[in-house]
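Chemist: following is a predicted model, sequence given first.
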Amino acid sequence: MSNDTLADFERTEFTAHGRTAPVYRLGSGPAVVVISEMPGITPKVADFARTVAGIGCTAVMPHLFGVDGKDPMDARIPALGAVATISRAIVPACISREFTVLATGKSSPVVTWLRALAAQQHERCGGPGVGAIGMCFTGGFALAMAADDRLIAPVLSQPSLPFAMSSRRARSIDIDPADLEKVKGRCAAGDLTVLGLRFQGDRMCPSARFGWLREQLGDAFTAVELPDASANPAAMGPPHSVVTEGLIDEPGQPTRAALDEVLDLFRRRLLTPA
């Protein structure tokens, strides 16, 4: 793939809680906040947003880190270029006060900004509520956002924070206890369904994390755990990104079926009349 100009997206600036950043919008209908994985809004993250817009939703992609539209493999030596691109994005993010990387039981401060963005887009786009998907570094953000009642369709795609450097961190996710209690209450009341995606051998998003989420959220948590062999072999590194780099977008492929589950959740919660 080559770099993506994102020319088909409307680019605006959004300011809340002292933070201003670009936001890219495409489509019409209820909003889905597409929170990019490392190293940022890559062409495949943008393509996922286009797919969301294609089902009748407004895809909303905020800039959190990296270079918007840059293909990490777009370099004279693709593998080295990808490592350099990811390093330039992840190192500043790991030392930024906006992101909680290692601590357990703590939502990243940027989640407050994302909730404000979701609220603004709900008012702008209408519908019964807002959807959100977080991926990898941002996977748990969608869960923390669901402490706001307007977030009704959260998807956690390979949530990787806190980094699973111990069994305690593996059995946790980046969310404040108060936010988690609100989410658990919504799940128990039947108000919320949470979808999680991962590859079975993914050490960045270990199976213990999904086991912990099942314990916390009960039947409201649906886990989609795919064989590593189902990942796109052209993707760099071990299987990790389910709906972007690891996707094989062909009928009958497990990753395509996982993508369809994500889209079906958005259709059921955001597009189906009550």
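Modeler: Good, I have the coordinates. The shown structure was predicted, so the numbers you read here are calculated from the model rather than taken from an experiment.
Chemist: make it CA atoms for all contacts and neighbour counts henceforth
Modeler: OK.
Chemist: so which elements touch the one helix or strand residue 60 maps to?
Modeler: Using DSSP states H and E, residue 60 falls within strand 58-62. Based on contacts counted as 3 or more C-alpha pairs under 8 Å, 6 or more residues apart in numbering; DSSP states H and E, the elements that strand 58-62 packs against are strand 19-27, strand 31-35, helix 43-54.
Chemist: pick the most buried one from those.
Modeler: Ranked by mean neighbour count under mean count of other C-alpha atoms under 10 Å, the helices and strands packed on strand 58-62 are led by strand 31-35, which reaches a mean of 29.
Chemist: that strand pairs with which strands, and in what direction?
Modeler: According to DSSP bridges, strand 31-35 forms sheet pairs with strand 58-62 (parallel), strand 130-135 (parallel).
Chemist: that one: how far from the chain's middle?
Modeler: Computed by C-alpha atoms, centre = their mean, to the nearest Å, the chain-centroid distance of strand 31-35 equals 8 Å.
Chemist: other SSEs contacting the helix or strand that contains residue 195?
Modeler: Using DSSP H and E, residue 195 falls within strand 194-199. On a contact count with 3+ C-alpha pairs under 8 Å, 6+ apart, strand 194-199 meets strand 151-157, strand 221-226.
Chemist: I'd like the mean pLDDT over the first one, please.
Modeler: Per-region confidence: strand 151-157 scores 98 on mean pLDDT.
Chemist: try stretch 217-230
Modeler: When pLDDT is averaged along stretch 217-230, the result is 98.
Chemist: which parts of it are buried?
Modeler: For stretch 217-230, the neighbour count (16 or more other C-alpha atoms under 10 Å) marks 217, 220, 221, 222, 223, 224, 225, 226, 228, 230 as buried.
Chemist: dump the residue contacts of the last one.
Modeler: Which is residue 230. Taking C-alpha atoms under 8 Å, 6 or more residues apart in numbering as the criterion, residue 230 is in contact with 253, 254, 255.
Chemist: please pick the buried ones from those.
Modeler: Buried members of these, counted by 16+ other C-alpha under 10 Å: 254, 255.
Chemist: can I get the contacts of residue 230 in JSON lines including pLDDT and distance to residue 51?
Modeler: Formatted as JSON lines, those follow (pLDDT from 0 to 100; distance: C-alpha to C-alpha, whole Å):
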{"residue": "253", "pLDDT": "98", "distance to residue 51": "17"}
{"residue": "254", "pLDDT": "98", "distance to residue 51": "17"}
{"residue": "255", "pLDDT": "98", "distance to residue 51": "14"}
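Chemist: ok, of the contacts of residue 230, which one's closest to residue 57?
Modeler: Closest approach to residue 57 among the contacts of residue 230 (C-alpha to C-alpha): residue 255, at 21.2 Å.
Chemist: after the helix or strand of the chain with the lowest mean pLDDT, which helix or strand is next?
Modeler: Taking mean pLDDT, DSSP states H and E as the measure, helix 78-95 is the helix or strand of the chain with the lowest mean score, a mean of 52. Using DSSP H and E, the next helix or strand after helix 78-95 towards the C-terminus is helix 110-125.
Chemist: distance of residue 179 relative to residue 201?
Modeler: As for residue 179, its distance to residue 201 is 29 Å (criterion: C-alpha to C-alpha, to the nearest Å).
Chemist: for the spatially most central residue of the chain, which non-adjacent residue is closest in space?
Modeler: The centre of the chain sits closest to residue 134, judged by C-alpha atoms, centre = their mean, with a distance of 1.4 Å. Residue nearest to residue 134 in three dimensions, not counting chain neighbours: residue 35, with 4.9 Å by C-alpha to C-alpha, 6 or more residues apart in numbering.
Chemist: OK, contacts around residue 241?
Modeler: Counted by C-alpha under 8 Å, 6+ apart, residue 241 has contacts 135, 136, 157, 158, 198, 247.
Chemist: alright, that wraps it up for me.
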